[in-house]
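Student: okay, here's the prediction I keep looking at, along with the sequence it came from:
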Amino acid sequence: MLTSTIGSTVLGYPRIGPNRELKRALESYWSGSSDEAELRDVARQLRVGSWTVLRDSGLDSIPGNTFSYYDQVLDTAVTVGAVPQRYRELGLDSLDTYFAMARGVESTPPLEMTKWFDTNYHYLVPEIGPDTTFVLSDRTPVDQFREAAALGITTRPVLVGPLTFLLLSKSDGNAPEAFRPLDRIDDLVGVYADLLAELRRAGVEWVQLDEPAFAADRTPAELEALREAYRRLGSLTERPKLLVAGYFGDLGDALGVLASSPIDGLAVDLVTDPAAAISLPTQTGMQDKTLVAGLVDGRNIWRTDLDKALTTATTLLGSAGELAVGTSCSLLHVPYDVEPEDIDPQIKSWLAFAAQKVHEVVTLGKALRKGRGAVATDLDVARAAITDRASADRARDSHVRVRVEALRPEDARRADYPVRRDAQATTLGLPPLPTTTIGSFPQTTDVRKARAQLRNGSIDETIYRQRMREEIERVIRLQEDLGLDVLVHGEPERNDMVQYFSEYLEGFTSTHNGWVQSYGSRCVRPPILFGDVSRPRPMTVDWATYAQSLTSQPVKGMLTGPVTILAWSFVRDDQPLVDTAKQVALAIRDEVHDLETAGIRIVQVDEPALRELLPLRAVQHKEYLNWAVESFRLATSSAADTTQIHTHLCYSEFGDVIDAIVALDADVTSIEAARSRMEVLDDLNDVGYTKGVGPGVYDIHSPRVPQSAEITHLLQAALQAVPAERLWVNPDCGLKTRSYAEVEQALRNMIAATAQTRARLN
Ligand SMILES: CN1c2c(nc(N)[nH]c2=O)NC[C@@H]1CNc1ccc(C(=O)N[C@@H](CCC(=O)N[C@@H](CCC(=O)N[C@@H](CCC(=O)O)C(=O)O)C(=O)O)C(=O)O)cc1
Ligand SMILES: N[C@@H](CCS)C(=O)O
Ligand SMILES: [Zn+2]
């Protein structure tokens, strides 16, 4: 009989390394500059570092198996033996087979990658079919438990739960139409049972099974599968205690199902779903379980209001066998440590990154166990910071608020599309099937190095700007040489399409080392939006006008839209997102205006995160889509009829947002389509989209260079759905992660395919 409690814990921890050690080790291994032993050594040091920090912080229960070389969903696929045949056939060793699934190899593309719920983290989509042989194939969770144990540290291995794993998977190529990966739940649970037995034999007391898929709408059959799976797992004779973690929102009916299952603990996200604090005490079945109250926000970087958290915890006392405290979700989504950051001291005092959040959880745990007096100093410090933030003048700007108040519906409306279309046709004079790109050209080592040199003071602003201008000129000449119709400046000056803008805007601050994993070795430093947003001066006009001065072809101005700026920032939590979105929209609107005044005739406002912020529950979709669309329109509607507004969306699951894409009212929409073989065009027709559209004709996420015949084929398919007058030709996203060699050839082929298709038009 196991008796241990959980006390205080976090549901997961960052793994890229406090100084992105894993990124560097991975990229060095992939480039052949280091070997497997060196990579494994870095990985081990990172694990040991995290376990030690967590142990020394005083947490009662430490999550294990939170390290991954690329992605935890991919790890799970490998653990349960779900490696598609095409990767097995490559004949690579286990690590390289794993990386082939993650990144592809010359002959074989990678697994599809998509967003992890409504976060900016991406997972690899497992492929499951009726013939997938589930078998326990990898013992990493057991090995890592032993590795920590050898250091005297007891961990609680974290696994993606079996339901969430299958609900995030897709059917493989052999599956009949009616097959769903969840049909295989019984077989998969068998493998989890084997793994749980091995973990128990290794001495594991608690295992955490993550089931965030139940924060989204689920069918009765899926809830039934949840009940049955945990009935089976809970009934095993040889197993550790089971803590099931549901996060990212309201668990709905799954809460009752889990509460009544024979599991030992339930972790609930009280940050995204504070109402659970009211429903939990009424749940039957919790009296013999541990409730981990997720009171510390695992996804945002604000200091926790500890008084409020303790009040919530107090209401939960007695509603479960044990009341433990934790983070709302894994800390994977926040940077490691705010302490070394050179942020304005007042703002810094409002923040908590992973290390600080661990301390908050420990403090809450102590307060619950020993009383508030035991942590009085910590509570005082937190209270002072919360009060300071709530009353800080710098978070409020009366000019911004007056401007938002004065907005009228017509500020977010342009003239009718036919009027704009005719005006733009006259001023732009583009050929049929105009060719363009999505904005970024490769971010070369030289460009990044120049930015690093500017940061460390070894070059000054003048030299930096000169280097960027040289890069812009190179990109313009290349596009002219290729024969593109609408050019871009290539975005060399941007560290990131959101961070760059935040560095110009009032109301934001940014970090030097606040990296968060986005996928694999790729990281972002989400800016911190702490106050009212405004744009004191132009952000892109100099670069765009410089590019335009080099060519007679139109150059597209390039901006990021309000929804994407919010989605990829740490956003203030003291006012509704819609209010913040309007402020950001007005800042972008000012930039659109200035670009137009400076002679830029086409402006693209990217909204790749439109789908990402869509709430997990359908009942909330309408409200979100309304404000998302309105903020885009507010950002773009001051444009003259002659100014062509483009937008760009690059994730393929458009279904739930397709009407919103129409409502954005952009003159031209570029959209991912190559992988779905242009099907999205029919979807757009079905919802009455009648404006310009640029379905991506090749996938920039792969190093593979498309042949012109393939592109011609796709263009022919596109012309079945869209008349030539409305069709644009472009890749499916920006080119920043590719090399010039790939980009040049791919674009050459795209232009050749366009020429061929144009020749057949008459
Ligand atoms: C389009 N996507 C984006 C998302 N989110 C964003 N915030 N931005 C996006 O573009 N989400 C969805 C998709 C896919 N996600 C990503 C995320 C990240 C990358 C990527 O390529 N990241 C780069 C880092 C980009 C950056 O901030 N660059 C800075 C700093 C560069 C750097 O590390 N410099 C070195 C020194 C320079 C040198 O010597 O080379 C250093 O500081 O140590 C910059 O350019 O200044 C990454 O490398 O991870 C892509 C898609
Ligand atoms: N303009 C951006 C959009 C990426 S989604 C780029 O080209 O990188
Ligand atoms: Zn894109």
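Tutor: Nice, thanks for sending it over. Ligands and ions are numbered 1, 2, ... in the order given.

Student: how much space between the closest residue to ligand 1 within the stretch 151-300 of the chain and ligand 3?
Tutor: Closest approach between the stretch 151-300 of the chain and ligand 1, counting by Cβ to the nearest ligand atom: residue 299, at 14.5 Å. Any C-beta I mention is one placed from the backbone N, CA and C, and that applies to glycine too. Distance, residue 299 to ligand 3, using Cβ to the ion, to the nearest Å: 23 Å.

Student: again, but for residue 453
Tutor: From residue 453 to ligand 3 the distance is 28 Å (Cβ to the ion).

Student: in this protein, which residue is most central in space?
Tutor: Centroid-nearest residue in the chain: residue 120, 0.9 Å away (criterion: Cα atoms, centre = their mean).

Student: I'd assumed residue 612 was in contact with it.
Tutor: Yes - taking contacts as Cβ atoms under 8 Å, residue 120 lies within contact range of residue 612: 7.0 Å.

Student: which neighbours do these two share?
Tutor: residue 567 (Cβ atoms under 8 Å, 6 or more residues apart in numbering).

Student: which residue ranges form the strands in the stretch 101-250 of the chain?
Tutor: 113-115, 122-124, 127-128, 155-160, 170-171, 206-210, 241-246 (DSSP state E, counting those that start in this stretch).

Student: let me fix that: the stretch 451-600 of the chain
Tutor: Using DSSP E, counting those that start in this stretch, strands in the stretch 451-600 of the chain cover 506-509, 516-519, 522-524, 528-534, 556-560, 570-571.

Student: residue 68 is nearest to which of those strands?
Tutor: Evaluated over these, closeness to residue 68 peaks at strand 516-519, with 9.2 Å, by Cβ to Cβ.

Student: any idea of the mean pLDDT for that closest one?
Tutor: For strand 516-519, the mean pLDDT works out to 97.

Student: repeat for stretch 212-219
Tutor: Here the average pLDDT along stretch 212-219 is 98.

Student: and if you look at stretch 107-121?
Tutor: 92.

Student: which stretch among the strands of the stretch 451-600 of the chain comes nearest residue 288?
Tutor: The nearest among the strands of the stretch 451-600 of the chain, by Cβ to Cβ, is strand 516-519 at 36.8 Å.

Student: now do the closest one: which elements does it pack against?
Tutor: Here strand 516-519 touches strand 122-124, strand 522-524, going by 3 or more Cβ pairs under 8 Å, 6 or more residues apart in numbering; DSSP states H and E.

Student: contacts for the first one next, please.
Tutor: Meaning strand 122-124. Residues from elsewhere that reach strand 122-124 (Cβ under 8 Å, 6+ apart): 70-74, 77, 101-102, 110-116, 168, 518-519.

Student: out of the residues you listed, which are inside helices?
Tutor: Under the assignment DSSP state H, these contribute 72-74, 77, 101-102, 168 to helices.

Student: SS state for residue 26?
Tutor: helix (DSSP: H, G, I helix; E, B strand; the rest coil).

Student: doesn't residue 521 make contact with it?
Tutor: Yes - with contacts counted by Cβ under 8 Å, residue 26 reaches residue 521, the gap being 4.4 Å.

Student: ok and the residue in the chain nearest ligand 2?
Tutor: Closest point on the chain to ligand 2, by Cβ to the nearest ligand atom, is residue 734, at 2.1 Å.

Student: does that residue really touch residue 436, like I thought?
Tutor: No - contact criterion Cβ under 8 Å: residue 734 and residue 436 do not qualify, at 11.8 Å.

Student: before we move on, back to that, filter the ones in helices among the contacts of strand 122-124 down to the buried ones.
Tutor: 72-74, 77, 101-102, 168 (16 or more other Cβ atoms under 10 Å).

Student: would you turn these into JSON lines with distance to residue 319?
Tutor: Formatted as JSON lines, these follow (distance: Cβ to Cβ, whole Å):
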{"residue": "72", "distance to residue 319": "30"}
{"residue": "73", "distance to residue 319": "32"}
{"residue": "74", "distance to residue 319": "37"}
{"residue": "77", "distance to residue 319": "36"}
{"residue": "101", "distance to residue 319": "43"}
{"residue": "102", "distance to residue 319": "42"}
{"residue": "168", "distance to residue 319": "31"}
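
Student: now, which of the residues you listed sits nearest residue 554?
Tutor: Nearest to residue 554 among those, with distances taken as Cβ to Cβ, is residue 102, at 38.8 Å.

Student: how near is the closest one to ligand 1?
Tutor: For residue 102, the distance to ligand 1 equals 14 Å [Cβ to the nearest ligand atom, to the nearest Å].

Student: what number of residues lie near residue 55?
Tutor: 16 (other Cβ atoms under 10 Å).

Student: can you name the residues that contact it?
Tutor: Residue 55 neighbours (Cβ under 8 Å, 6+ apart): 62, 153.

Student: one more: residue 185?
Tutor: 162-163, 166, 225, 228-229.

Student: which residues of the protein lie near ligand 3?
Tutor: Within the chain, the positions near ligand 3 by Cβ under 5 Å from the ion are 608, 650, 733.

Student: so which one among those has the lowest pLDDT?
Tutor: Lowest pLDDT among these: residue 650, 86.

Student: my guess is it contacts residue 696. True?
Tutor: Yes - counting by Cβ under 8 Å, residue 696 is a contact partner of residue 650 at 7.5 Å.

Student: shared neighbours, those two?
Tutor: With Cβ under 8 Å, 6+ apart, residue 650 and residue 696 have common neighbours 671-672, 732-733.

Student: which ones among those lie within strands?
Tutor: Applying DSSP state E to those, the entries found in strands are residue 671.

Student: PyMOL command for the buried members of the shared contacts of residue 650 and residue 696?
Tutor: Selection of buried members from these for PyMOL, criterion 16+ other Cβ under 10 Å:
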select buried, resi 671+672+732+733
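
Student: about what we covered before: what sits in contact with each of residue 734 and residue 436?
Tutor: What both residue 734 and residue 436 touch, as defined by Cβ under 8 Å, 6+ apart, is an empty set.

Student: one step back: any chance of the residues of the chain next to ligand 3 in JSON lines, plus distance to residue 363?
Tutor: Shown next, in JSON lines, are the residues of the chain next to ligand 3 (distance: Cβ to Cβ, whole Å):
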{"residue": "608", "distance to residue 363": "38"}
{"residue": "650", "distance to residue 363": "42"}
{"residue": "733", "distance to residue 363": "43"}
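
Student: who are the contact partners of the residue nearest to the residue of the stretch 151-300 of the chain closest to ligand 1 when sequence neighbours are not counted?
Tutor: Nearest residue to residue 299, sequence neighbours excluded (Cβ to Cβ, 6 or more residues apart in numbering): residue 333, at 4.6 Å. Applying Cβ under 8 Å, 6+ apart to residue 333 gives the contacts 119-121, 298-299, 516.

Student: which of residue 650 and residue 696 has more neighbours?
Tutor: Shown here are residue 650 and residue 696; by other Cβ under 10 Å, residue 696 has more neighbours (25 against 20).
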